[in-house]
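In: Here is a sequence together with a model predicted from it:
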Amino acid sequence: MTGEDIATLKQQARKAALERRKAAQAAGGDAEANRHLLTLLAPLTGRPVAGYMPMRSEINPLPAMAQISHHGPVGVPVILGAGRPLAFHRWHPGAAMKPGPFGADVPVEGEEIVPRVLIVPLVAFDAAGYRLGYGGGFYDRTLEKLRRAGPVLAVGLAYAAQEAERPLPVEPTDQRLDAVVTEKGARRFS
């Protein structure tokens, strides 16, 4: 299969998953997903964690991030440029924020952290732990870089409806998640 074929398949899967995600958001489930996320991450208390600022119909991790921030550093992604891994700047409830690239807010203060746990947004995921994002490859490059430096736990946060019925198209640069948390519970892949 060519790279063009994979890109087309990913775009088709992305479109279908975004429709499912929007419907799932309207049905709710964020509170349950946050509870399951906190349970999964409880043994890792104190480790640097990166979450994200939700946009569009993404599931909202901010309640869990607020609780985690009482026990250790929490960061949010900052896009440094096309083709580059993400940086993570420290966040806490009430932090002064400003608009960042692609519409996600970023902290005004730029204190960088290096997370060992990532709460990863996604458009779709499959039963093998692969995720589909918006197509920029930012999390794949970031996970590759962080994993070269040591163990990292990558946890996708999604609505259960975002699970693809079939395996997602995968390229050699795609990084697998270690777990996915939904409103229905947590599932580990490794």
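Out: In hand now; what should we look at?
In: What lies in contact with the helix or strand bottoming out on mean pLDDT in the chain?
Out: Lowest mean confidence among the helices and strands of the chain (mean pLDDT, DSSP states H and E): helix 3-27, at a mean of 91. Judged by CB atoms under 8 Å, 6 or more residues apart in numbering, the contacts made with helix 3-27 from elsewhere in the structure are 57-59, 123-124, 132, 134-135, 158-162, 164, 168-171. In short, each C-beta sits where N, CA and C put it, glycine included.
In: and Ala11, how many neighbours does it have?
Out: Check again: residue 11 is Gln, not Ala. Other residues near Gln11 come to 13 when the count uses other CB atoms under 10 Å.
In: meant to ask about Pro63, not that
Out: Each residue near Pro63 was counted by other CB under 10 Å, and the total is 16.
In: related to what we said a few turns ago, give the buried residues for the least confident helix or strand of the chain.
Out: Leu9, Lys10, Ala13, Arg14, Ala17, Leu18, Arg20, Arg21, Ala24, Gln25 (16 or more other CB atoms under 10 Å).
In: can you check stretch 29-40 too?
Out: For stretch 29-40, the neighbour count (16+ other CB under 10 Å) marks Gly29, Asp30, Ala33, Asn34, His36, Leu37, Leu38, Leu40 as buried.
In: May I have it as PDB, with CA atoms only?
Out: Backbone C-alpha positions of stretch 29-40 (Å, rounded to 0.1, in the frame of the first residue of the first chain) are rendered in PDB as follows:
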ATOM      1  CA  GLY A  29     -19.300  10.900  29.700                       C
ATOM      2  CA  ASP A  30     -16.400  13.300  30.500                       C
ATOM      3  CA  ALA A  31     -16.800  13.000  34.300                       C
ATOM      4  CA  GLU A  32     -16.700   9.200  34.200                       C
ATOM      5  CA  ALA A  33     -13.700   9.200  31.800                       C
ATOM      6  CA  ASN A  34     -11.900  11.600  34.200                       C
ATOM      7  CA  ARG A  35     -12.600   9.200  37.200                       C
ATOM      8  CA  HIS A  36     -11.200   6.300  35.200                       C
ATOM      9  CA  LEU A  37      -8.100   8.300  34.200                       C
ATOM     10  CA  LEU A  38      -7.400   9.300  37.800                       C
ATOM     11  CA  THR A  39      -7.600   5.600  38.900                       C
ATOM     12  CA  LEU A  40      -5.300   4.500  36.100                       C
END
